[in-house]
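**Student:** Curious how this folds, go ahead:
(one chain, ligands or ions: 2)
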Amino acid sequence: MAWRGLCPPAAAVCSLCFARLRPTLNSTDPITGEATSAESKNATAAAYSRAKLFRRDPYTVERQRKVCVLIGMTGVGKSATANTLCGAKRAFETSSSVVSVTSAVRIRDYSFAGSRWRVIDTPGLGDTNKPYEETKRELLQAFHYAPHGIVCFVVVVPKGRFTAEMEQRVREALDIFGGEAAIRHTLIAVTRVQDAPEKVLDDIMRLPPDHTLRRLCELVGQRVLPVENVKEPAVAVSRLLLHRGMDEVLEMNGEERYFHTASMPVSVSLSGRTELTAEDLLQSRCSTAWSRENGTPRLVISCDFPRLGEVVNR
Ligand SMILES: Nc1nc2c(ncn2[C@@H]2O[C@H](COP(=O)(O)OP(=O)(O)O)[C@@H](O)[C@H]2O)c(=O)[nH]1
Ligand SMILES: [Mg+2]
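**Tutor:** Ligands and ions are numbered 1, 2, ... in the order given. Below is the predicted model:
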């Protein structure tokens, strides 16, 4: 190509060449979706790129990365909302068909306004052929990708049509995630809406008290946001609103993230003694680490009890 001839031999100093090379040389981590240049064939391009150099284990996410989980029926705009959040057009596959294209959780790491985030897109609820236990197993996978807790659950609902069945499925999903405790970390995103947040809430609160959407809205403490995932420039506004909303949810929870302890099997092996005293606990020193057994992540809590010898909770 003509412009290549204009570049000096050391392509590193030619921003035109570099910009041209970059899209093909950088790849994305197959699981987290975050940019990585691990497969780059050109060390110069890798060195100048802002992409991560090494592949990440998705189970060992950095402690400060904030994690949000999207929940909702198939076709309501979960994957489109996930794209809006991470600022990409096609990080998550969206579909106009009512058949779910997300059959397991998908994650993507990204940065927004100086904070690191991870968005988890879950399979669409409401597939009548799918047994409840399977849905539950799929949804609970989300916790494996959030070892330091979840900042916010975002229930995605479509504008205008929210049936009793949809309400039932969303409530079931919130129960699977931990019920009331999880609901304190939840907000609702209404897709295909460009109105101001107060107007959306006012419109919902004007519905009859037994309306399914009003009931859901009251369940989550009236935390509702409008979201437009397709029409620019509203997408950029939605991105900002969603992040501000999720940060506010974190703040309302005293900066505490949500953990689902019930999903972690715990067994205790005590060497010799069968009971721990308060004094044992006071003197203990514990640390946590993630390991994997047959592909399943496990939180290993190791405690050193000076008066007792080592005890391992697993
Ligand atoms: N106009 C508009 N279309 C949307 C919006 N959100 C989602 N869609 C469209 O709705 C369809 C279903 O979205 P998708 O994210 O695949 O739904 P999911 O099954 O919940 O993941 C796709 O064709 C999207 O482009 C929105 O805010 N505005
Ligand atoms: Mg989807």
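
**Student:** Show me the shaky parts of the stretch 1-150 of the chain.
**Tutor:** 1-41, 50, 58, 96-103, 128 (pLDDT under 70).

**Student:** make it 90
**Tutor:** Where the stretch 1-150 of the chain drops to pLDDT under 90, the residues are 1-63, 74-75, 88-105, 123-138, 141, 144, 147.

**Student:** what ranges do the strands span in the stretch 151-300 of the chain?
**Tutor:** Using DSSP state E, counting those that start in this stretch, the strands of the stretch 151-300 of the chain run over 152-158, 186-191, 224-227, 268-269, 285-293, 296-305.

**Student:** Mean pLDDT and distance to ligand 1 added to the ones you listed, as CSV?
**Tutor:** Any C-beta I mention is one placed from the backbone N, CA and C, and that applies to glycine too. Output for the strands of the stretch 151-300 of the chain, formatted as CSV (pLDDT from 0 to 100; distance: least, CB to the nearest ligand atom, whole Å):
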stretch, mean pLDDT, distance to ligand 1
strand 152-158, 96, 6
strand 186-191, 97, 4
strand 224-227, 97, 6
strand 268-269, 55, 41
strand 285-293, 72, 28
strand 296-305, 70, 25
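
**Student:** what's the closest non-adjacent residue to I204?
**Tutor:** C217 (4.9 Å; CB to CB, 6 or more residues apart in numbering).

**Student:** Could you check which residue of the protein lies nearest ligand 2?
**Tutor:** S79 (3.3 Å; CB to the ion).

**Student:** so that residue touches K89, yeah?
**Tutor:** No - applying CB atoms under 8 Å, one finds S79 not in contact with K89, separated by 11.3 Å.

**Student:** rewinding a little: same list, the strands of the stretch 151-300 of the chain, but as JSON lines with mean neighbour count please.
**Tutor:** Formatted as JSON lines, those follow (neighbours: other CB atoms under 10 Å):
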{"stretch": "strand 152-158", "mean neighbour count": "25"}
{"stretch": "strand 186-191", "mean neighbour count": "24"}
{"stretch": "strand 224-227", "mean neighbour count": "24"}
{"stretch": "strand 268-269", "mean neighbour count": "10"}
{"stretch": "strand 285-293", "mean neighbour count": "11"}
{"stretch": "strand 296-305", "mean neighbour count": "16"}
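
**Student:** Among these, which comes closest to H211?
**Tutor:** strand 152-158 (12.3 Å; CB to CB).

**Student:** got the angle for the closest one vs strand 186-191?
**Tutor:** Using axes from the mean of the first three to the mean of the last three CA atoms, to 10 degrees, the direction of strand 152-158 lies 30 degrees away from that of strand 186-191.

**Student:** What is strand 152-158 packed up against?
**Tutor:** strand 66-71, helix 78-86, helix 164-177, strand 186-191, helix 212-219, helix 234-252 (3 or more CB pairs under 8 Å, 6 or more residues apart in numbering; DSSP states H and E).

**Student:** Give the other helices and strands that the last one contacts.
**Tutor:** When you say that, I think you mean helix 234-252. Partner elements for helix 234-252 (3+ CB pairs under 8 Å, 6+ apart): strand 66-71, helix 78-86, strand 152-158, strand 186-191, strand 224-227.
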